[in-house]
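J.: with the input below, show me the fold.
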Amino acid sequence: MAVVWVTGASSGLGRYTAEALLADGWLVVGGARSFQDEEKDGMHRLHLDVSDGGSVRRFADEACARFGAPDALVNAAGVLCIGACEDYSEEELRRVMEINFFGTARMVKAALPLMREKGRGRVVNFSSINGLLAVPFQGAYTASKHAVEGYSEALRMELLPQGVEVMLVEPGDHRGGSRAYRPLSAGCAPCYEESRRRAAARIARDEDGGAYPARLGRRVAAALRQKRLPLRLRVAQLPQHGAVFLHDLLPGGLFTRLVSRYYGVRGPGGAGKRQ
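T.: The predicted model follows:
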């Protein structure tokens, strides 16, 4: 039975992806900070904090000792922080980058030597539509996903001679995301308060009306059945596909004005002056 490691498997898209892989016949080793060592609903659960190098090493050692080297790694752990770029604390920026980007890199570093010994492997890194374009008040998340995009493209090229494939998953808005994983930044200057409030409300509405996450899980499982992985698997609703297309087509100034308006960020004079 093929073995897959899935990070962020306790909730959100990681959970639905793990469930889809279980249904597809994989032996799933799920990692999450809330997990303890147990088997539940067919998944082997191990504690994992991808922001902690020691936790990543312990997870990899335990998973390999018990279930053998992984045939695939799915990096789905992620978090965001809704706030103005100027207002993020260094701690908030680091937390988002530690989980979304550095956590992905740590897991790849742990899995690749084991895959090479096995002579094959597949790495699936969760990016986002925001890995391709930015939206206001998600600057930290956008930066982390842009990093995942570039890292994964380079990784795919480097691993071509080694029989290990890499795929980026680029989800749009999906239902069922926990509010705990998209908190507001602790600080907010008066000039950003109203815009941030409107943007956060729009983000919540879009997620509540987003696609069903079980479908994304099935798409990832289906891609892993293919003879060759595509570089990108975009799973989004039509307006989000359209946004990516317009991002590349429209003049930059026009596109940013349209997106800003969609998220409730008004033009000069509408948000006040810096206090």
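J.: need the helices for the stretch 101-250 of the chain, in chain order.
T.: 103-118, 139-159, 190-208, 213-225, 238-249 (DSSP state H, counting those that start in this stretch).
J.: which stretches of the protein have low pLDDT?
T.: Along the chain, the model assigns pLDDT under 70 to residues 177-181, 267-275.
J.: and the longest strand along it, what other elements does it pack with?
T.: In the chain, assigned by DSSP state E, the strand with the most residues is strand 164-171. Contacts defined by 3 or more Cβ pairs under 8 Å, 6 or more residues apart in numbering; DSSP states H and E place strand 164-171 against helix 103-118, strand 121-126, helix 139-159, helix 213-225, strand 232-235. All C-beta atoms are positioned from the backbone trio N, CA, C, and that covers glycine.
J.: angle of the longest one against strand 164-171?
T.: If you take axes from the mean of the first three to the mean of the last three Cα atoms, to 10 degrees, helix 139-159 sits at 160 degrees to strand 164-171.
J.: right, and residue 96 touches residue 80 too?
T.: Yes: taking Cβ atoms under 8 Å as the definition, residue 96 is a contact partner of residue 80 at 6.4 Å.
J.: mind listing the shared neighbours of these two?
T.: Residues touching both residue 96 and residue 80 (Cβ atoms under 8 Å, 6 or more residues apart in numbering): 140, 141.
J.: picking up where we left off before, got the angle between the longest strand of the chain and helix 238-249?
T.: Here the directions of strand 164-171 and helix 238-249 differ by 110 degrees (the same axes, to 10 degrees).
J.: what strands line up against strand 164-171, and which way round?
T.: strand 121-126 (parallel), strand 232-235 (parallel) (DSSP bridges).
J.: and the helices of the stretch 101-250 of the chain as CSV, adding mean neighbour count and distance to residue 70?
T.: Putting the helices of the stretch 101-250 of the chain into CSV (neighbours: other Cβ atoms under 10 Å; distance: least, Cβ to Cβ, whole Å) gives the following:
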stretch, mean neighbour count, distance to residue 70
helix 103-118, 19, 6
helix 139-159, 19, 14
helix 190-208, 17, 30
helix 213-225, 19, 12
helix 238-249, 14, 31
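J.: does the residue nearest to residue 48 when sequence neighbours are not counted count as helix, strand or coil?
T.: Closest residue to residue 48 apart from its sequence neighbours, by Cβ to Cβ, 6 or more residues apart in numbering: residue 31 at 2.9 Å. Assigned with DSSP: H, G, I helix; E, B strand; the rest coil, residue 31 falls in the strand class.
J.: so what's residue 31 up against?
T.: So residue 31 contacts 5, 6, 7, 8, 9, 45, 46, 47, 48, 50, 59, 77 (Cβ under 8 Å, 6+ apart).
J.: of these, closest to residue 36?
T.: residue 47 (6.0 Å; Cβ to Cβ).
J.: now do the residue most central in space within the chain against residue 97, distance only.
T.: For the chain, the residue nearest the mean C-alpha position is residue 126 (4.0 Å; Cα atoms, centre = their mean). Residue 126 is 15 Å from residue 97, where distance means Cβ to Cβ, to the nearest Å.
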